[in-house]
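1. based on what follows, work out the 3D shape:
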Amino acid sequence: MTDTFFNHQRQPLLVVISGPSGAGKDTILQRMKERELPFHFVVTATTRPPRPGEVHGRDYFFISNDEFAEMIEKNELLEYAIVYNDYKGIPKQQVRDALASGKDVIMRLDVQGAAKVRSLADGAVTIFITTGTEEELVERLRARKTETPEGMKLRIATARKELQRMREFDYCVVNQDMALDDTVDRVMAIIEAEHSRVAPRQVTL
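-> So this is what the prediction gives:
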C-alpha cells in the first residue's frame, strides 16, 4: 500500500448558507458562533441601515452607497447584488485570507448571490435552508413585523420564487420550528461529510 492513502490533507471549505428570507439563515449562523465553532464567518457589506441589535463589523459592514460604489469600481467584491432596494456584497480579500489560513469559510447569501459564487467557485459547498412548508415560511415573515405592507408583499413574492431554485444547491436542510440545534447539527454533519470526501473540493478565487 502506498503512502498516498495516508496523506489525505484537510482542505478548507467554502460553505454557502442560502435560502429564502425567513428560513432562519442568520439564526443558524448565530447559533454556530455561540458554539464557538472553528470557522471564519464572512461579514457582508450592505447599504441598508442596521436593524435593532445589529452591530457594524459583526453582523454586517454598514456602508454608504458611495463607499459601496467605490468597492465595485476597485473590484473588491466577490459578488454583489441589489436585495430589496439595497446593495449587499462579499468583500473578496476577506474570503481569500480566511481560506489561506486553513479555516473553513461560512457565508450567508441570498439565492442570487449563491448562484454568483457558485459560478466563480465551483468547489463551494452550497446548502439551501428552508422551512417545512411554504405557509410556514410566509408566517415567519409576517411574524417579524419589520416591514411595511408593501415591503412584506415583496419579501413573500421573492421567497416563493427562491423556493423554486432549491435544486440548484448541493444540500437542503429543513429548519423546523423549535429545533434550531438539530438544524445546526445537520449543517455540521454536511461539513464533516465533505471533509471526508476521497477527492476533496478545491476552491480558487
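2. how distant is stretch 16-33 from the center of its chain?
-> Going by Cα atoms, centre = their mean, to the nearest Å, the spacing between the C-alpha centre of stretch 16-33 and its chain's C-alpha centre is 7 Å.
3. what's the following helix or strand after the helix or strand containing Asp26?
-> Under DSSP states H and E, the secondary-structure element containing Asp26 is helix 25-34. On the C-terminal side of helix 25-34, the closest following helix or strand by DSSP H and E is strand 39-41.
4. how near is Glu168 to Arg108?
-> As defined by Cβ to Cβ, to the nearest Å, Glu168 lies at a distance of 16 Å from Arg108. Backbone N, C-alpha and C define where each C-beta goes, glycine included.
5. again with Ala100
-> For Ala100 relative to Arg108 (Cβ to Cβ), the value is 21 Å.
6. ok, now Leu180?
-> Separation of Leu180 from Arg108 (Cβ to Cβ) stands at 15 Å.
7. more neighbours: which of these two?
-> Remark: of Leu180 and Arg108, Arg108 carries more neighbours, 22 against 15, as counted by other Cβ atoms under 10 Å.
8. quick one, what contacts that one?
-> Under the criterion of Cβ atoms under 8 Å, 6 or more residues apart in numbering, the contact partners of Arg108 comprise 17-18, 25-26, 29, 42, 44.
9. out of those, which are buried?
-> For those, a neighbour count by 16 or more other Cβ atoms under 10 Å gives the buried set as 17-18, 25, 29, 42, 44.
10. make JSON lines out of those residues and add pLDDT and distance to Asp59.
-> Written out in JSON lines, the entries for these read as follows (pLDDT from 0 to 100; distance: Cβ to Cβ, whole Å):
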{"residue": "Ile17", "pLDDT": "97", "distance to Asp59": "15"}
{"residue": "Ser18", "pLDDT": "97", "distance to Asp59": "17"}
{"residue": "Lys25", "pLDDT": "94", "distance to Asp59": "12"}
{"residue": "Leu29", "pLDDT": "94", "distance to Asp59": "10"}
{"residue": "Val42", "pLDDT": "94", "distance to Asp59": "12"}
{"residue": "Thr44", "pLDDT": "90", "distance to Asp59": "9"}
